[in-house]
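>>> can you look at this prediction? I've put the sequence above it.
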Amino acid sequence: MPPLESAARHYVVFESLQYALVALVVPALVVLGGPLDYLGAFKTLSVSGKRLADRRELRRGAVAAAPVLGAYVAALTVWQLPIVVGGVRSDPVLLVAEVATFVVVGSAFWSELVESAPFAPRTRGAVRAGIAVGPMWLIWVMAYFIGFARSAWFPGFRHAGSTLSTIADQQLATGVLWFVSAAVFLPVIFVNFIRFLTDDENPSEEIRKSLPHRRRASPTM
């Protein structure tokens, strides 16, 4: 949305902020703030979500979560490639596609990290922390290459007449990506790691048992 969308067309730092919001913040907020059990006005969506959650429960553990992690890492990488960033900058349709990608893939990824009824993570705390570390490190590595590049990393960004040079712009973008990714993932990593150190039991098990969709529905539903 303006003014960020228009600023992202001219400066790498704002493009990186836009990317961080779309790829990192939005999926987390969708999962944390929108449990399907509360979507009373969307019965079809709620029922479909419960059915999907039941099917997910049939496959648990790190192996089951690996495809979701792989899809999210692939999306993070593709949408930050210089040629793709240049396309998003010039075509708003690609920006819509980017948002749609992360709403779907990113939300699936976050459902493996936090409780969001009817979905529950399928791995234990230590594995969950490891799953969160992967995308965070990936963002940090990509940001490192952007910030330490000695020439324009992304095509199309021009700084003629601006007091902000290309190199300074990219260094600021690196700071934005490092900060946002840390703010999003570090709480999940620390909470799950502390749970792993203090309790051998799966902290999600009792919550999973209490979720409403685990109770057998009546024939009239």
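Right, received. Where do you want to start?
>>> restrict the strand or helix carrying residue 5 to CA atoms and write it as PDB.
In this assignment (DSSP states H and E), residue 5 forms part of helix 4-7. Provided in PDB are the C-alpha atoms of helix 4-7 (Å, rounded to 0.1, in the frame of the first residue of the first chain):
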ATOM      1  CA  LEU A   4       5.500   2.000   0.800                       C
ATOM      2  CA  GLU A   5       4.600   0.500  -2.500                       C
ATOM      3  CA  SER A   6       5.700   3.600  -4.400                       C
ATOM      4  CA  ALA A   7       8.800   4.000  -2.300                       C
END
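>>> so what secondary structure elements neighbour the next helix or strand after it?
Note on helix 4-7: by DSSP H and E, the next helix or strand toward the C-terminus is helix 12-20. If you count contacts as 3 or more Cβ pairs under 8 Å, 6 or more residues apart in numbering; DSSP states H and E, helix 12-20 packs onto helix 4-7, helix 82-90, helix 125-147, helix 166-198. (Glycine included, C-beta is placed from N, CA and C.)
>>> let's see 7 Å
Applying 3 or more Cβ pairs under 7 Å, 6 or more residues apart in numbering; DSSP states H and E, we find helix 12-20 packed against helix 4-7, helix 166-198.
>>> picking that back up, and the helix holding residue 5, how far from the chain's centre?
Distance of helix 4-7 from its chain centroid, counting by Cα atoms, centre = their mean, to the nearest Å, is 21 Å.
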